[in-house]
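# Give me a 3D structure for the following:
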Amino acid sequence: MARARQESLSRRERQIVEIVYRLGEATVADVQRELPDPPSYSAVRALLRILEEKDHLRHREDGPRYVYAPRVPREKAARPALKGVLDNFFDGSREKLVAALLDDGAAELSPEELDNLQGLIARAKKAGR
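This is a model prediction of the structure:
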């Protein structure tokens, strides 16, 4: 997936991609039903076609309907998006990103989550990252 294409999503396109990821696969009617203040059926269909052209979605035919699914797994799609946030808001600093996350919600982390984060940091140190 080309980076320029990935970053060129409108707010509505991002909403649609998120819906398809959440549902796993979806028809035009499924997407329309999930959208806040939904546009017409034909507008949703056009947006889904555009998202296919941008390589975010693919479709299969199910009788007369198209059923849309993400082109790449969510985890793989998330990496470039996270890299964009890291570069654009935190000057490429992972430390600043983690600090912002902890400053914003440290009280919400469970002891297990804190232990898991400590383990991830320890493994990264061991691997020399």
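# How many residues are close by residue 29?
Counted with other C-beta atoms under 10 Å, the neighbours of residue 29 add up to 12. C-beta: built from backbone N, CA, C; applies to glycine.
# And for residue 116?
12.
# tell me the domain ranges of this protein?
3-70, 93-129 (automatic domain parsing).
# Where do the helices of this structure begin and end?
Remark: helices assigned in the chain by DSSP state H are 3-7, 11-23, 28-34, 41-53, 74-90, 94-105, 111-126.
# hey, least reliable of those by pLDDT?
Set side by side, the helices of the chain give their lowest mean pLDDT on helix 3-7, at a mean of 45.
# Look at residue 1 and report its pLDDT.
Value listed for residue 1 in the pLDDT field: 43.
# how close does the residue nearest the centre of the chain get to residue 18?
The centre of the chain sits closest to residue 78, judged by C-alpha atoms, centre = their mean, with a distance of 5.1 Å. Relative to residue 18, residue 78 is positioned 12 Å away (C-beta to C-beta, to the nearest Å).
# between the helices of the chain, which one is nearest to residue 62?
helix 28-34 (11.7 Å; C-beta to C-beta).
# neighbouring contacts of that closest one?
16, 19-20, 22-23, 26, 38-39, 41, 44-45, 48, 65-66, 68 (C-beta atoms under 8 Å, 6 or more residues apart in numbering).
# which of those are buried?
Burial by neighbour count, judged by 16 or more other C-beta atoms under 10 Å, picks out 16, 19-20, 26, 44-45, 48, 66, 68 from the contacts of helix 28-34.
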